[in-house]
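**Student:** everything below, folded, please.
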Amino acid sequence: MATIAVVPIVMKDVVLEIEDDDFAAAVSSAVLTPSSSSVIFKGLKSGSVFTDVTAATWTLGLTYAQDWVTAGSLSQYLLENEGTVVDAVLKPQSGIGPSFSVEIVITPGAIGGAVDTTAVATVTLGVQGKPTLVPAE
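**Tutor:** Okay, the predicted model is just below:
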């Protein structure tokens, strides 16, 4: 058995482009998440159990600081482009490693928040298909 080395990712210099604009400065979390489920069929005969999985669906979850003052901010972009399908790129480590290209469906995020704290919002954007891994150049 081979021992596989690991180089953990530290999310500290990330690229998050939506339609060629990099919104990473406003985002504290960006996660591409698959979701699938098991499908089980049990027949009437003992031992006739069949298991498979559904094709994964993907989402892009973002947590971001709300900014309603800056023209073109992520908050404004999400509100103004609801329902639009756009290209996005998530590169977990700027300068090294691969990036992931996706088509996302824009959904607006929350407006407002708690007293004496930064107003943040979390939004889950649908992904068309699955992410495409783009090797580092």
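**Student:** what sits against the residue nearest the centre of the chain?
**Tutor:** Nearest to the geometric centre of the chain sits residue 60, at 2.1 Å (C-alpha atoms, centre = their mean). Counting by C-beta atoms under 8 Å, 6 or more residues apart in numbering, residue 60 touches 30, 31, 32, 33, 88, 90, 102, 104, 124, 125, 127. To be clear about C-beta, it is placed using only N, CA and C from the backbone, and glycine gets the same treatment.
**Student:** swap the cut-off to 7 Å and go again
**Tutor:** For residue 60, the contact set (C-beta atoms under 7 Å, 6 or more residues apart in numbering) comprises 30, 32, 88, 102, 104, 125, 127.
**Student:** any idea of the pLDDT on residue 116?
**Tutor:** At residue 116, the pLDDT value in this model is 97.
**Student:** what is the burial count for it?
**Tutor:** Counted with other C-beta atoms under 10 Å, residues neighbouring residue 116 total 5.
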